[in-house]
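# model this:
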Amino acid sequence: MNGWDRFADSFLNARVAAQYAPKIIEGLWLTLALAGCIIVTGVLVGLVLAVIRALGVRPVNWLIIFAVDLFRALPPLVIIVLLYFGLPAAGISMSGFVAAWLALSLVLMAFAEEIFWAGITAIPTGQWEASRSLGLGFLVTFGLVVLPQAVRMVIPPLVNRTIAITKGTALASVVAVPEILGAAQAGVSFSFNPTPLTLGAVAYLILFLPVVIAGRWVEQHYRARR
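Residues are numbered from 1 along each chain as shown. Below is the predicted model of the structure:
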């Protein structure tokens, strides 16, 4: 058996691939569900916090800035481990899926809030003054004039950050969530062959490559329209 045969037997073993492909596909669907929950929760809460911060209530803003800086500084894996292994000591238990969802949503929320806030502050003050001179109140000016422009402005960086954080779903395997990497690792352990990892890599490409291409298209589309 030459070197290529040994490589093919280790990483491209058809018998092992056929045996563990269903588990990888189940992991793919679980990863897709986890990523969807993270995106919806993180982006939505980030937008809400940016809107609350725009109201200018100083004590509330301090709390928002503290939370945002905290979750931007902590590695996602540390947050997952603290939620899954630390909270049970305080009488709060949660599944691995919930721990990974909360941890990555908090990280995405922190970055999304800063991105939305950057968009809001980038709107020229002249637009605020023009709207107020027409008799529009703060909330109407903010909701109908400032926020739509800010959201449109931050879509490219928000998409890129969302993709980067969503790929962290692989960290959920640390807390026994059978997503793609977890299913692949289990397959390697039972088969004593790394072919399930090759299947896992293919599954990640199927899941995230279209998202990366779509993100590039969105970035170029909005850059061209400026």
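# what about the nearest residue to Val68 once chain neighbours are set aside, which helix or strand?
Residue nearest to Val68 in three dimensions, not counting chain neighbours: Ala110, with 4.5 Å by CB to CB, 6 or more residues apart in numbering. From N, CA and C alone the C-beta is placed, and that goes for glycine too. Ala110 is part of helix 96-122 when elements are defined by DSSP states H and E.
# Next: Met153.
Using DSSP H and E, Met153 sits within helix 147-166.
# who touches that helix?
Helix 147-166 has contacts (CB atoms under 8 Å, 6 or more residues apart in numbering) with 35, 38-39, 42-43, 47, 51, 76, 104, 107-108, 111-112, 115-116, 118-120, 122-123, 127, 208, 211-212, 214-215, 218-219, 222-223.
# of the residues you listed, buried ones?
Neighbour counting with 16 or more other CB atoms under 10 Å marks 35, 38-39, 42-43, 47, 51, 76, 104, 107-108, 111-112, 115-116, 119-120, 123, 208, 215 as buried within the contacts of helix 147-166.
# Which residue ranges of the chain form helices?
For the chain, applying DSSP state H gives helices covering 3-11, 14-54, 58-73, 76-81, 96-122, 125-133, 138-141, 147-166, 180-191, 195-224.
# For Ser173, find the nearest of these.
For the helices of the chain, the distance to Ser173 is smallest for helix 180-191, at 3.6 Å, taking CB to CB.
# quick check: angle from the helix holding Met153 to helix 125-133?
On the basis of axes from the mean of the first three to the mean of the last three CA atoms, to 10 degrees, helix 147-166 is oriented at 130 degrees to helix 125-133.
# pLDDT at the residue nearest the centre of the chain, what is it?
Centroid-nearest residue in the chain, with CA atoms, centre = their mean: Thr166, separated by 3.1 Å. Predicted confidence (pLDDT) for Thr166: 78.
# coming back round to it: tilt between the helix holding Met153 and helix 195-224?
Put simply, helix 147-166 runs at 160 degrees to helix 195-224, going by the same axes, to 10 degrees.
# ok now helix 147-166, how far from the chain's centre?
Its chain's C-alpha centre and that of helix 147-166 lie 12 Å apart, by CA atoms, centre = their mean, to the nearest Å.
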